[in-house]
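[1] Can you look at this prediction? I've put the sequence above it.
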Amino acid sequence: MFSGSYVALVTPFKDGEVDLERLGALVDFHIESGTNGLVPCGTTGESATLSHKEHELVIESVIERAAGRIPVLAGTGSNSTSEAV
């Protein structure tokens, strides 16, 4: 089902906002380095502190940048049960 190394991505910020340019560069770095899959918005990726809109933005951005080159497993956790569901 899954094999290899799946990396829980950090979520880069600049001036209090998600830094999509750096996030894209991070995705490219992992793909070029041979990472087998990416996990945006896990606990390493600030999932508990992102707004719902930011959470969606990060996941959509990673999926777009990966462009089918490697699998993306979206982190769906939250400190709020209603938010996670």
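    Happy to help now that I have it. Residues are numbered from 1 along each chain as shown.
[2] Would you mark the buried spots in stretch 53-65?
    Using 16 or more other CB atoms under 10 Å as the burial criterion, the residues of stretch 53-65 that qualify are 54, 55, 57, 58, 59, 61, 62, 63, 65. C-beta coordinates here come from the backbone N, C-alpha and C atoms, glycine included.
[3] Need the three-state assignment for the fifth one.
    Looking back up the chat, that one is residue 59. helix (DSSP: H, G, I helix; E, B strand; the rest coil).
[4] One more: the last one?
    Taking three-state DSSP as the rule, one finds residue 65 in the helix state.
[5] Do I have it right that residue 9 meets residue 45?
    Yes - counting by CB atoms under 8 Å, residue 9 does reach residue 45; the two are 5.2 Å apart.
[6] Now list whatever residues contact both of the two.
    residue 39 (CB atoms under 8 Å, 6 or more residues apart in numbering).
[7] one step back: and the buried residues of stretch 53-65 as JSON lines, adding pLDDT?
    Output for these, formatted as JSON lines (pLDDT from 0 to 100):
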{"residue": "54", "pLDDT": "94"}
{"residue": "55", "pLDDT": "93"}
{"residue": "57", "pLDDT": "97"}
{"residue": "58", "pLDDT": "97"}
{"residue": "59", "pLDDT": "97"}
{"residue": "61", "pLDDT": "99"}
{"residue": "62", "pLDDT": "99"}
{"residue": "63", "pLDDT": "99"}
{"residue": "65", "pLDDT": "99"}
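[8] nearest to residue 74, of these?
    Distance ranking of these against residue 74, using CB to CB, places residue 59 first at 4.6 Å.
[9] if I pick that closest one, what's in contact with it?
    Residue 59 touches 40, 41, 72, 74, 75, counting by CB under 8 Å, 6+ apart.
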